Every structure is written in structure tokens, then in C-alpha cells.
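[1] I'll drop the sequence and a predicted model, then ask my questions.
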Amino acid sequence: MLLLKRCLTAFVLFFILFIILYFGICMVGGAIMGARAGAEHPNDPNSIQLGQEAGRNFVLNNLGTIVLSALGGSFVISLVVSFSGILPWCRKSPQPPPLP
């Protein structure tokens, strides 16, 4: 029963963490590329559009890497969290000490 709880917890955590990691990587990478594009053209009146386009291009050019990184990271983290006993329903029940 404990193995079933841990596997179901890992399955649910995998999808939740995949969504969080995917959007997190896209946001951070797009923000960095947008900031770099804006810094390279500080006096351009269209610097906002340049930053948005650079962020969009980052995600489109690195989509495979982003997806694989999010899949791998969420898989490892979900297994570690569910099988380490961090969550209370994934812990082994305490056993009484043996009688002398």
C-alpha cells in the first residue's frame, strides 16, 4: 500500500512540477534574453519590441532543450520527494521496539 501511495504521489507531482519548471525556464530565459537585447540597443525606440522578440526567439529556438530539462527535472524531483518520506503519507509507519 505504501508503494502505491508513493507511486501515485510521484505521478501527480511529476505533472505539477513539469508545468512549473517549463514555465519557469521559459520566463527566466526569455527575461534574460530580453534584457540583453534591450541592453544592446539602449537608445532604440523599439527596445521593448526587440526584448519581446528576443524572449520569444529564445523559447522557440530552445524548445527541445527546455522540454527535456523540465521532464528530467520534474521526474527526478518527484521521485525524490515521494520516496524520501518528506510527505507524511509517504512515510513508513513506526514499528514498536521488539520485546526482550
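    Nice, thanks for sending it over. Numbering: from 1, shown residues only.

[2] and the lowest-mean-pLDDT helix or strand in the chain, what does it pack against?
    Least confident helix or strand, the chain: helix 47-61 with a mean of 91, by mean pLDDT, DSSP states H and E. In terms of contacts (3 or more CB pairs under 8 Å, 6 or more residues apart in numbering; DSSP states H and E), helix 47-61 is packed against helix 2-40. Yep, even glycine has a C-beta here, placed from its N, CA and C like the rest.

[3] any idea of the mean pLDDT for the helix it packs on?
    For helix 2-40, mean pLDDT is 94.

[4] re earlier: for the least confident helix or strand of the chain, what is the distance to the chain centroid?
    21 Å (CA atoms, centre = their mean, to the nearest Å).

[5] in stretch 39-58, what's buried?
    Ser47, Gly51, Ala54, Gly55, Phe58 (16 or more other CB atoms under 10 Å).

[6] so which residues make contact with it?
    Under the criterion CB atoms under 8 Å, 6 or more residues apart in numbering, residues Gly29, Gly30, Ala31, Ile32, Met33, Gly34, Ala35, Arg36, Ala37, Gly38 lie in contact with stretch 39-58.

[7] can you give the distance from that stretch to the centre of its chain?
    For stretch 39-58, the distance to the chain centre is 26 Å (CA atoms, centre = their mean).

[8] all set, thanks.
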